[in-house]
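Participant: quick one, what's the 3D model for this:
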Amino acid sequence: MKSTTVRRMTLSVAAVSVLSGAAACGPLGSSGGSGGSGKDDGASGGRAAHARPVAALRSAERSTHRADSARVESVTTMGSMMSMKADGAMGWGDGLVGNLTITYTGGWVADSMRGLGATSMEARYLPDAYYAKMGEKFAQQAGGKHWIRYGYADLADFGGSSGAFLRDQMRNTTPNQAVKLLLASGDVEKVGTEKVRGTNTTHYAGTVDVADLAAGNSGLDAGQLAGLKRQLTQAGVTTETVHIWVDDRDLLVKKVEKGQMSVGEYTQTAYYSDYGVRVSAGRPPAGDTEDFTTLLRQQGGTGTTS
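Facilitator: Have a look, this model is predicted:
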């Protein structure tokens, strides 16, 4: 394996693991309210109709945040870069913790992984770092070690603005990202009631314009809102559509996000279940783990991006 392949895959795994974790996560939030629905006539009725979905989403945000953990399944496509599936359990009560199995199904990342003799990867998330387990061919080029450690602080120091984006995604996330985006967009509507995998849900949708995000009903302070805008801007996102489905317990059951990134069109669908499930993630054996900064230096990469 060429050193350029090692560098490319080391950095790609960073992005893949963060995006998979972000499927389960989003900005912290905590505002309450009661559910509502429907349409009304006249100006005051229109305001009331808008307020009811907002109140329902604020309640969903609070309930989901307090649940602390859930099982998650997601499917993500990002232009020609990759398409992937992720399955596992994530906790967010005291920093992000969890385990995901990530399977590559398309794009050049999948092609590169197939060249390494593997099309899936185990990812472990801990409050200060996450770990990615690679295949045997990769280990042969990495001193025999199978696990790569990505420290969140190192991502920002080593990867420039792109690294800072990945770090912030992991440090400031819970499953409420889609809810926060809708509330900050000011464009929220109730679509109707639907069954999702046998569960009764209410479907909400809206269009997010990053330039027009405002604190409003989102519960975000000025600093949090600026951070959300920065994360989206660094990912190359300008607008996206967001759909979420909330059950009778005010818990997020499904979300769909679609938009444009710098790598092309992206879509992500995630399902959530078993809220409150016990989640634990242990650090891999130190003797079988290499830090990503060490790998990049050994392969002659600076890691700096903009």
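
Participant: so which bits of stretch 127-146 are buried?
Facilitator: Buried residues in stretch 127-146, counted by 16 or more other Cβ atoms under 10 Å: 129-135, 138-139, 141-142, 145-146. (Glycine included, C-beta is placed from N, CA and C.)

Participant: where does the stretch 1-150 of the chain dip in pLDDT?
Facilitator: Residues of the stretch 1-150 of the chain that meet the criterion pLDDT under 70 lie in 1-51.

Participant: and the helices in it?
Facilitator: Counting by DSSP state H, counting those that start in this stretch, the stretch 1-150 of the chain has these helices, from start to end: 3-23, 42-67, 107-115, 136-140.

Participant: on that earlier part again, strands - which of the buried residues of stretch 127-146 land there?
Facilitator: 129-133 (DSSP state E).

Participant: and the residues you listed, which is closest to residue 283?
Facilitator: Set against residue 283, the nearest of these by Cβ to Cβ is residue 131 (7.0 Å).

Participant: now the closest one. Nearest residue, chain neighbours left out?
Facilitator: residue 124 (4.5 Å; Cβ to Cβ, 6 or more residues apart in numbering).

Participant: neighbours of residue 123, how many?
Facilitator: 24 (other Cβ atoms under 10 Å).

Participant: before we move on, what about residue 246?
Facilitator: Close neighbours of residue 246, defined as other Cβ under 10 Å, add up to 25.

Participant: hang on, it packs against residue 253?
Facilitator: Yes: here residue 246 reaches residue 253: they are 6.6 Å apart, a contact under Cβ atoms under 8 Å.

Participant: doesn't residue 279 lie inside a strand?
Facilitator: No: under DSSP: H, G, I helix; E, B strand; the rest coil, residue 279 sits outside any strand and is assigned coil.

Participant: tabulate the ones in strands among the buried residues of stretch 127-146 in TSV, adding columns for distance to residue 273.
Facilitator: Conversion of these to TSV gives the following (distance: Cβ to Cβ, whole Å):
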residue	distance to residue 273
129	27
130	22
131	25
132	25
133	25
